[in-house]
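*Asks:* After the sequence you'll find the predicted model.
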Amino acid sequence: MITADHLTKSYRGVTAVDDVSFTARPGRVTGFLGPNGAGKSTTMRILVGLTPPTSGSAEVLGGRYADLPNPGREVGVLLDASAQHAGRTGREILTVAARTMGLRSERVEEMLARVSLTGKEADRRVRGYSLGMRQRLGIATALLGDPDVLILDEPANGLDPAGIRWMRDLLREYADQGGTVLLSSHLLHEIEVVADDLVVIGNGRIVAQGTKAELLAGAGTVCAAADTRALASALSGAGITSKVSGSGALHADAEAAEVGRVAHAAGVPLTELRAADGAGLEEMFLQLTAESQRDRIHEGAAA
Ligand SMILES: Nc1ncnc2c1ncn2[C@@H]1O[C@H](COP(=O)(O)OP(=O)(O)OP(=O)(O)O)[C@@H](O)[C@H]1O
């Protein structure tokens, strides 16, 4: 279990994290989503005691991370895969970490196999590793002490599609065995597939959180008609806001049944009507974080 309780972190003139509260539970993958500069890394650094919060508190497994007697055996952390000692080989890095944690040396080989780093790769110096290999080594280090909690900052960065799939399966299996996973990303699709719960952050503030199912349920309806203008106008007349989504269909802020009823009553034949799924979540993510996006999102307002 991880608990962030009203965390705030201010640097001179910048509030990086603003009153952030959430819980990541055992047996679940919690996705921490937000655009660049939203405050994800700062929050994670606070969770593991690397950055002191200006106010608020954070607990991992019921206490402060800094108070854990052998943190590596309780919490696996990967914050920056590039921060590993470049002059050491992957195997050396794992061996040193294993000794520090008081683990048997066989654990190193087990972890290398777990993250699919070959013996040859393990004997190369980290400075020659690709980002994807560094991520695998970082995951191996995080898993080494068989911890109950994993805190991973953008772990899929640099992984190829097969690597992303591998990571997803690994995290799923870990959570299914009772582990708590908090993983951050600025890529919605990456998180959407694996996360059970979502915490969405923009400009340092939590803008949405809940189970993925809950957030999807509120994601609205995708609908389309030959006469888009007539459909938008009917929806607007019924007090339902809508806007044109990427595909040219409308995204309406109402349940599918209600949208169908309104279109029928207005005599507008529908060519598409479905609950917004992953696309709806993306829409929601973009909307929720719109104010904190560096790039403005251009959308044609239909209503
Ligand atoms: N040490 C620091 N001093 C001053 N400002 C900082 C410091 N660390 C972070 N910030 C600022 O805090 C804000 C949040 O940064 P943070 O790295 O937590 O975001 P992030 O969500 O992890 O972004 P990214 O996805 O780009 O990694 C940014 O505006 C950043 O410039």
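*Replies:* Yes, it's here.

*Asks:* what about residue 174, helix or strand, and which?
*Replies:* Using DSSP states H and E, residue 174 falls within helix 161-176.

*Asks:* which helices and strands does that helix pack with?
*Replies:* Counting contacts by 3 or more Cβ pairs under 8 Å, 6 or more residues apart in numbering; DSSP states H and E, helix 161-176 is packed against strand 29-33, helix 131-144, strand 180-185, helix 188-194. Using the backbone N, CA and C atoms, a C-beta is placed for each residue, glycine as well.

*Asks:* Convert it to PDB, retaining C-alpha atoms only.
*Replies:* Extracted as PDB, the C-alpha positions of helix 161-176 are listed here (Å, rounded to 0.1, in the frame of the first residue of the first chain):
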ATOM      1  CA  PRO A 161       6.800  -3.000 -28.600                       C
ATOM      2  CA  ALA A 162       7.700  -6.500 -27.500                       C
ATOM      3  CA  GLY A 163       9.500  -5.100 -24.400                       C
ATOM      4  CA  ILE A 164       6.400  -3.000 -23.600                       C
ATOM      5  CA  ARG A 165       4.300  -6.100 -23.800                       C
ATOM      6  CA  TRP A 166       6.800  -8.000 -21.600                       C
ATOM      7  CA  MET A 167       6.700  -5.200 -19.000                       C
ATOM      8  CA  ARG A 168       3.000  -5.200 -19.000                       C
ATOM      9  CA  ASP A 169       2.800  -8.900 -18.400                       C
ATOM     10  CA  LEU A 170       5.400  -8.700 -15.700                       C
ATOM     11  CA  LEU A 171       3.500  -6.000 -13.800                       C
ATOM     12  CA  ARG A 172       0.200  -7.800 -14.200                       C
ATOM     13  CA  GLU A 173       1.600 -11.000 -12.800                       C
ATOM     14  CA  TYR A 174       3.300  -9.100  -9.900                       C
ATOM     15  CA  ALA A 175       0.000  -7.400  -9.000                       C
ATOM     16  CA  ASP A 176      -2.000 -10.600  -9.300                       C
END
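
*Asks:* What residue spans form the domains of this structure?
*Replies:* If you go by automatic domain parsing, the domain ranges for the chain are 2-209, 218-292.

*Asks:* for those domains, which one sits closest to the ligand?
*Replies:* Nearest of the domains of the chain to the ligand, taken as Cβ to the nearest ligand atom: domain 2-209 at 3.0 Å.

*Asks:* State the mean pLDDT of the closest one.
*Replies:* What domain 2-209 shows for mean pLDDT is 92.

*Asks:* is any part of it close to the ligand?
*Replies:* Yes: counting by Cβ under 6 Å from any ligand atom, the ligand is contacted by domain 2-209 at 11, 14, 16, 34, 36-42, 186.

*Asks:* Would you format those residues as CSV with secondary structure and distance to residue 80 included?
*Replies:* Shown next, in CSV, are the residues of domain 2-209 next to the ligand (DSSP: H, G, I helix; E, B strand; the rest coil; distance: Cβ to Cβ, whole Å):
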residue, secondary structure, distance to residue 80
11, strand, 18
14, strand, 20
16, strand, 16
34, coil, 17
36, coil, 15
37, coil, 16
38, coil, 17
39, coil, 16
40, helix, 12
41, helix, 8
42, helix, 13
186, coil, 15
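
*Asks:* For PyMOL, write the select line for the buried members of those residues.
*Replies:* To isolate the buried members of these in PyMOL, using 16 or more other Cβ atoms under 10 Å:
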select buried, resi 16+34+37+38+39+40+41+42+186
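
*Asks:* okay if I get the residues of domain 2-209 next to the ligand as a markdown table plus distance to residue 101?
*Replies:* As requested, the residues of domain 2-209 next to the ligand are exported to a markdown table (distance: Cβ to Cβ, whole Å):
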| residue | distance to residue 101 |
| --- | --- |
| 11 | 33 |
| 14 | 36 |
| 16 | 31 |
| 34 | 31 |
| 36 | 33 |
| 37 | 34 |
| 38 | 32 |
| 39 | 30 |
| 40 | 26 |
| 41 | 24 |
| 42 | 26 |
| 186 | 31 |
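
*Asks:* And residue 209, which helix or strand is it part of?
*Replies:* strand 205-211.

*Asks:* buried sites along that strand?
*Replies:* Neighbour count says strand 205-211 has 205-209 buried, by 16+ other Cβ under 10 Å.

*Asks:* next one: stretch 211-230
*Replies:* 212, 215-216, 219-225, 228.
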